[in-house]
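Peer 1: Predicted structure and sequence below. I'll ask about it afterward.
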Amino acid sequence: MKKLIVLIFVLLGCSPLVLLASGENEQRMTREEFRAKQQAFIAEKAGLTKSEAEKFFPLYFELQDEKKQLNDKAWKLMRQGRNENVSEEQYEEILEGVYNTRIASDELEKSYFEKFRKILSCKKIYEVQQAEMRFHRVWLKNMHGKGNPHKPHPRKPEDGK
């Protein structure tokens, strides 16, 4: 379930305002503040030089913005299926559209991989991806665990057990 949440967040990109929990208080963080934290974390964990980071991150955030547009389109399509009067043909159109946006997102990532290769080695691109996943995992833990990595997450009992 945690992997699914991380995947969804990665696919959706960053929203203009995100919440980060710190202690007992939730504070709003602007998109720019979030991206600055994300950039610093990824650059450090992936071992990017200042020069590499200056060239890489404008492209990285450009990719995130384009992926967010695609994911917004997919979510909009999925919301259309909530209507009780949706026909089987309309569900087919919705799902085709969702799958097409996912394919477009993957193709977009592949095209940016080629751009990234002009700036970073494949090893560093891999390390960036690992750092990105760690960043989102830490961010989600902070949101759900109120900043305490040792605090267990409450679980819902399955099947009333």
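Peer 2: Sure, I can see it.

Peer 1: Do you have the helices of this structure handy? List them.
Peer 2: Per DSSP state H, the chain carries helices over the ranges 2-12, 31-46, 50-80, 88-117, 122-144.

Peer 1: and the ones you listed as JSON lines, adding mean neighbour count and mean pLDDT?
Peer 2: Placement of C-beta: from N, CA and C, glycine included. Converted to JSON lines, the helices of the chain look like this (neighbours: other CB atoms under 10 Å; pLDDT from 0 to 100):
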{"stretch": "helix 2-12", "mean neighbour count": "13", "mean pLDDT": "46"}
{"stretch": "helix 31-46", "mean neighbour count": "16", "mean pLDDT": "95"}
{"stretch": "helix 50-80", "mean neighbour count": "16", "mean pLDDT": "95"}
{"stretch": "helix 88-117", "mean neighbour count": "14", "mean pLDDT": "95"}
{"stretch": "helix 122-144", "mean neighbour count": "16", "mean pLDDT": "92"}
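
Peer 1: mind checking how far Arg79 is from Arg35?
Peer 2: Distance from Arg79 to Arg35, counting by CB to CB, to the nearest Å: 27 Å.

Peer 1: show me the contacts for the residue lying closest to Gln38 once chain neighbours are set aside.
Peer 2: The spatial neighbour of Gln38 that comes closest, neighbours along the chain excluded (CB to CB, 6 or more residues apart in numbering), is Phe135 at 5.6 Å. Remark: with contacts taken as CB atoms under 8 Å, 6 or more residues apart in numbering, Phe135 is in contact with Gln38, Phe41, Ile42, Lys45.

Peer 1: now with 7 Å?
Peer 2: Going by CB atoms under 7 Å, 6 or more residues apart in numbering, Phe135 touches Gln38, Phe41, Ile42.

Peer 1: do Arg102 as well
Peer 2: Contacts of Arg102 by CB under 7 Å, 6+ apart are Ala74.

Peer 1: Okay, it and Lys76: tell me how far apart.
Peer 2: Going from Arg102 to Lys76 by CB to CB gives 14 Å.

Peer 1: What of Phe34?
Peer 2: Computed with CB to CB, the distance linking Phe34 and Lys76 is 23 Å.

Peer 1: Would you confirm that Gly97 contacts Leu77?
Peer 2: Yes - here Gly97 lies in contact with Leu77, judged by CB atoms under 7 Å, at a distance of 4.6 Å.
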